[in-house]
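A.B. asks: predicted model follows, preceded by the sequence.
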Amino acid sequence: VIIGTPTLKQRRSILQLLTASMPISTDVDLVKLAEMTTGYVGADLTALCREAAMQALCRSSLDSTETVINIADFQEAFKKIQPSSFRGAIGLTEYKPVTWEQIGGLEAVKLKLKQSIEWPMKFPQAFARMGLSHPKGILLYGPSGCAKTTLVKAVATSCHCSFLSVSGADLFSPYVGDSEKILSQVFRQARANTPAIIFLDEIDSILGSRSHCKTGHGVSERVLSVLLNELDGIGLKVTERRGSKLQLEGQCQDQIDEERKLEFQEALNKDFMVVAATNRPDMLDDALLRPGRLDKMIYVPPPDLKGRLSVLKICTEKIPLDTDVSLQEVAGLTDFFSGADIENLCKEAALLALQENGLEATAVKHEHFVKSLRNVKPSLNIKDLEFYEKFNHQE
């Protein structure tokens, strides 16, 4: 008998039992908490509620007020209590939560990602009504330093789902057959902690294309074969299937809308989603890019003038700027700069202000940005951008 991690509805029920005798504030939504606790087992949820109660006790002892547990106490508890099913797991990395507002520009790309990943998870009834399911896989391609990895972290943060990040260093092993075994294990962990996002960073370095390989017996080809099987569902063992399928027919008419909504979310979010990122889309195997696998390709372009200004504003939020600094003018001087280049430029300008004025420096002036532009060179060029634009039109 296999007992997997609790589903959304089960986590809601466990939280209801645990908080029944606790002074919970009205701003605490147990359904929302259940969505945020993907991968948590019963013992983890108990520890989470206990930690939230301790946070409330500490706060009330300082304020000399009545002890009431609010959502802020649970948010503090989340920082200390992590799901036990994630411990020692391959690819399950702790990352700093990223919001959409922390990414400058790229509004069209953000919307596409929200429609592909966030909407199916948050509005499953609309997708079920139209007979739609979420894409099996998404490929983000574009120049280096244009926030591909950050965009995926923002999606995982907004969806409150498990996030497994896999790179070439995690997969490749000196032992024959070990790399394929590790990749299968990653997918098995993702299924145990659904909804989940498996992020394959720099996928061209992990897989490559069979047409570019002469022998056809390398590790990359075997790993590619495993990935294709997993995306098709062939790697799914019967014992890994969790829960029962949602039966819409014959349901009781008096069933509460909220209960039905939770069942919809469970039924449609029992799967994982693969998101891959690369700056060499031409190196990938054609079989990987067909519909049903990585069936949605999203081009992440370098920031335009408006995007560069937005990135500059985000990067200089914590930097004290002098009144003569015109970010609009700096944005105009940063053609062919990626988001990472602009962030580096702001750091260089702040460092230059410290070097010139000593440790007593209080603000960064416009001249510091101009001088930094001589040292910080753009990482993009016309030839690279033409290549990506051409690939985008081919697609």
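C.D. replies: All right, it came through fine. Since we're looking at a predicted model, the values are computed, not measured.
A.B. asks: what ranges of the stretch 201-350 of the chain fall below the confidence cut-off?
C.D. replies: In the prediction, the stretch 201-350 of the chain carries residues with pLDDT under 70 at positions 208-217, 234-271.
A.B. asks: in it, which spans are strands?
C.D. replies: 272-278, 296-299 (DSSP state E, counting those that start in this stretch).
A.B. asks: strand partners (parallel or antiparallel) of the shortest one?
C.D. replies: Each strand that strand 296-299 pairs with, and the sense of that pairing, follows from DSSP bridges: strand 137-141 (parallel).
A.B. asks: what's the spacing between the strand it pairs with and its chain's center?
C.D. replies: Counting by C-alpha atoms, centre = their mean, to the nearest Å, strand 137-141 is centred 13 Å from the centre of its parent chain.
A.B. asks: what mean pLDDT does it get?
C.D. replies: Per-residue confidence for strand 137-141 averages out to 90 on the pLDDT scale.
A.B. asks: ok, back up a step: ok, which of the strands of the stretch 201-350 of the chain comes nearest V109?
C.D. replies: strand 296-299 (6.0 Å; C-beta to C-beta). For the C-beta atoms, the positions are set from N, CA and C on the backbone; glycine is no exception.
A.B. asks: ok so, going back, and the strands of the stretch 201-350 of the chain, which is most packed in?
C.D. replies: Mean neighbour counts were taken over the strands of the stretch 201-350 of the chain using mean count of other C-beta atoms under 10 Å, and the top value, a mean of 24, falls to strand 272-278.
A.B. asks: quick check: angle from that strand to strand 137-141?
C.D. replies: Relative orientation of strand 272-278 versus strand 137-141 (axes from the mean of the first three to the mean of the last three C-alpha atoms, to 10 degrees): 20 degrees.
A.B. asks: what residues are up against K365?
C.D. replies: Contacts for K365 (C-beta atoms under 8 Å, 6 or more residues apart in numbering) come out as 322, 324-325, 353.
A.B. asks: what's the domain layout of the chain?
C.D. replies: For the chain, the domain assignment from automatic domain parsing gives the residue ranges 8-85, 100-299, 305-379.
A.B. asks: could those be laid out in CSV, adding distance to K390?
C.D. replies: Shown next, in CSV, are these (distance: least, C-beta to C-beta, whole Å):
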stretch, distance to K390
domain 8-85, 40
domain 100-299, 10
domain 305-379, 17
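A.B. asks: F387: which of the ones you listed is closest?
C.D. replies: Among those, domain 100-299 sits nearest to F387 (C-beta to C-beta), with 8.1 Å.
A.B. asks: just the terminal-to-terminal distance for the closest one.
C.D. replies: The separation between the terminal residues of domain 100-299, taken as C-alpha to C-alpha, to the nearest Å, is 18 Å.
A.B. asks: against which helices or strands is the helix of greatest length in the chain packed?
C.D. replies: Secondary structure of the chain per DSSP state H: the longest helix is helix 42-63. In this structure, helix 42-63 packs against helix 8-18, helix 71-80, with contacts taken as 3 or more C-beta pairs under 8 Å, 6 or more residues apart in numbering; DSSP states H and E.
A.B. asks: can you redo these as TSV with mean neighbour count, distance to E389 and mean pLDDT?
C.D. replies: Putting these into TSV (neighbours: other C-beta atoms under 10 Å; distance: least, C-beta to C-beta, whole Å; pLDDT from 0 to 100) gives the following:
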stretch	mean neighbour count	distance to E389	mean pLDDT
helix 8-18	18	42	88
helix 71-80	17	42	87
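A.B. asks: okay, those in CSV with distance to L309 next?
C.D. replies: Shown next, in CSV, are the helices and strands packed on helix 42-63 (distance: least, C-beta to C-beta, whole Å):
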stretch, distance to L309
helix 8-18, 40
helix 71-80, 32
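A.B. asks: nearest to L228, out of the ones you listed?
C.D. replies: Shortest distance between L228 and the helices and strands packed on helix 42-63, using C-beta to C-beta, is found for helix 8-18: 29.7 Å.
A.B. asks: now do that closest one against helix 42-63, angle only.
C.D. replies: 50 degrees.
A.B. asks: re earlier: and the longest helix of the chain, which residues are buried?
C.D. replies: For helix 42-63, a neighbour-count test (16 or more other C-beta atoms under 10 Å) marks 44-49, 51-53, 55-56, 59 as buried.
A.B. asks: was I right about N193 contacting S84?
C.D. replies: No. Using C-beta atoms under 8 Å, N193 is not in contact with S84; the gap is 11.2 Å.
A.B. asks: this completes my enquiry, with thanks.
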